[in-house]
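>>> no sequence on this one, just coordinates:
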């Protein structure tokens, strides 16, 4: 097997070097590990590392492994699954400096904006860790004929949840949608953006340290044009974040298979400043609304 390790050890920050990135890259599912793609430091243009170039066949294999792990995971009590998320919450906060470095290296955003991703991921984990039992327990509903009939609402896992994530929030969107899916008893197949795979791989690494079965979350890396269709074809639910044009294609393919999908697509958000507004506050708010995360934000203001 050909190694994808970098030819010379390089330390990018106090916490991140080529050895750490190469270790994360081993988590990518790919039969041919000699076929790789570069990940670059967007602030300098230098190569950070290389990850395997997964193929449609790798997606099929990853889906099969995830489904095998999902059966025993779904059989666990919800409380046990939720405990993994709570441990993950603690690990994210304990190791935040490492992932902040990663987000900045592969995405380039300011550290304060990278920290928003850490908070979002931690809060997401904590919320579902504490509420999953209540949300997933059976609920009694009114029957068609009161008194004579009873109805119960039961929650069953979908099976395999596919996630196609973008580059602008590599931690939040790379793992955030996986957390409720996992605590509900599902397996996950995630494809991070080719420019920002390491933050997602880091999160998967931490989830397994928190007690998640190793095969339950599968990661593939490669262009969406090559891997998007096989991910949809092998998933029971799909989460997609990206352009409206691609979203139409994804929706059509999910519809063909009659699987549910959730999509976060493009928009044209407006800010309206009324006559009685405090102008100083409006200006300050407009700057943040337009340029937070360098404007690469799904709710970013694009017209005032």
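Cool, got the structure. Quick caveat, the model's predicted, so the values are computed rather than measured. Numbering: from 1, shown residues only.
>>> determine the set of other helices and strands touching the one helix or strand residue 92 maps to.
Per DSSP states H and E, residue 92 falls inside helix 78-94. Helix 78-94 makes packing contacts with helix 111-136, helix 178-183, helix 198-209 when contacts are defined by 3 or more Cβ pairs under 8 Å, 6 or more residues apart in numbering; DSSP states H and E. To be clear about C-beta, it is placed using only N, CA and C from the backbone, and glycine gets the same treatment.
>>> what's it in contact with?
By Cβ atoms under 8 Å, 6 or more residues apart in numbering, the surrounding residues in contact with helix 78-94 are 73, 99, 118, 121-122, 125-126, 128-130, 132-133, 136-137, 179, 182-183, 185, 203, 206-207, 209-212.
>>> count of residues packed around the closest residue to residue 53 other than its chain neighbours?
The shortest distance from residue 53 to any non-neighbouring residue, by Cβ to Cβ, 6 or more residues apart in numbering, is to residue 35 (4.4 Å). Burial of residue 35, expressed as a neighbour count using other Cβ atoms under 10 Å, amounts to 15.
>>> with the one 4 residues further on instead?
Residue 39 is flanked by 22 other residues according to other Cβ under 10 Å.
>>> hmm, residue 50 and it touching each other?
Yes: assessed by Cβ atoms under 8 Å, residue 39 is found in contact with residue 50 at 6.9 Å.
>>> which neighbours do those two have in common?
By Cβ under 8 Å, 6+ apart, no residue touches both residue 39 and residue 50.
>>> need the next SSE after the helix holding residue 92, C-terminal direction.
Using DSSP H and E, the next helix or strand after helix 78-94 towards the C-terminus is helix 96-107.
>>> output the helices and strands packed on helix 78-94 as TSV; include the columns mean neighbour count.
As requested, the helices and strands packed on helix 78-94 are exported to TSV (neighbours: other Cβ atoms under 10 Å):
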stretch	mean neighbour count
helix 111-136	17
helix 178-183	24
helix 198-209	23
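>>> need those in TSV with mean pLDDT, can you?
Output for those, formatted as TSV (pLDDT from 0 to 100):
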stretch	mean pLDDT
helix 111-136	97
helix 178-183	98
helix 198-209	98
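>>> re earlier: which pLDDT value belongs to the residue nearest to residue 53?
As predicted, residue 35 sits at a pLDDT of 93.
>>> that one is in contact with residue 57, isn't it?
No: the pair residue 35 / residue 57 is not scored as a contact, 12.0 Å apart, by Cβ under 8 Å.
>>> any weak-confidence spans in this protein?
Under the criterion pLDDT under 70, the flagged ranges of the chain are 1-8.
>>> outline the domain layout of it.
18-134+154-266, 269-303 (the TED database).
>>> those domains: which one's closest to residue 145?
Of all those, domain 18-134+154-266 sits nearest to residue 145, with 20.1 Å by Cβ to Cβ.
>>> gap between the two ends of that closest one?
Length of domain 18-134+154-266, first residue to last, Cα to Cα, to the nearest Å: 35 Å.
>>> chain center to it: distance?
Between the mean C-alpha location of domain 18-134+154-266 and the chain-wide mean there is a distance of 4 Å, by Cα atoms, centre = their mean, to the nearest Å.
>>> if we can go back for a sec, the helices and strands packed on helix 78-94: which one's closest to residue 45?
Distance to residue 45, taken as Cβ to Cβ, is lowest for helix 198-209 among the helices and strands packed on helix 78-94, at 16.8 Å.
>>> what segments of the stretch 151-300 of the chain are strands?
Listed in chain order, the strands of the stretch 151-300 of the chain (DSSP state E, counting those that start in this stretch) span residues 160-164, 187-191, 217-219, 237-241, 260-264, 269-270.
>>> the last one pairs with which strands, parallel or anti?
Applying DSSP bridges to the sheet, strand 269-270 is found paired with strand 301-303 (parallel).
>>> next: the first one.
Here strand 160-164 has these sheet partners by DSSP bridges: strand 187-191 (parallel), strand 237-241 (parallel).
>>> of those strands, which stretch is the most buried?
Sort these by mean neighbour count, taking mean count of other Cβ atoms under 10 Å, and strand 187-191 sits at the top with a mean of 28.
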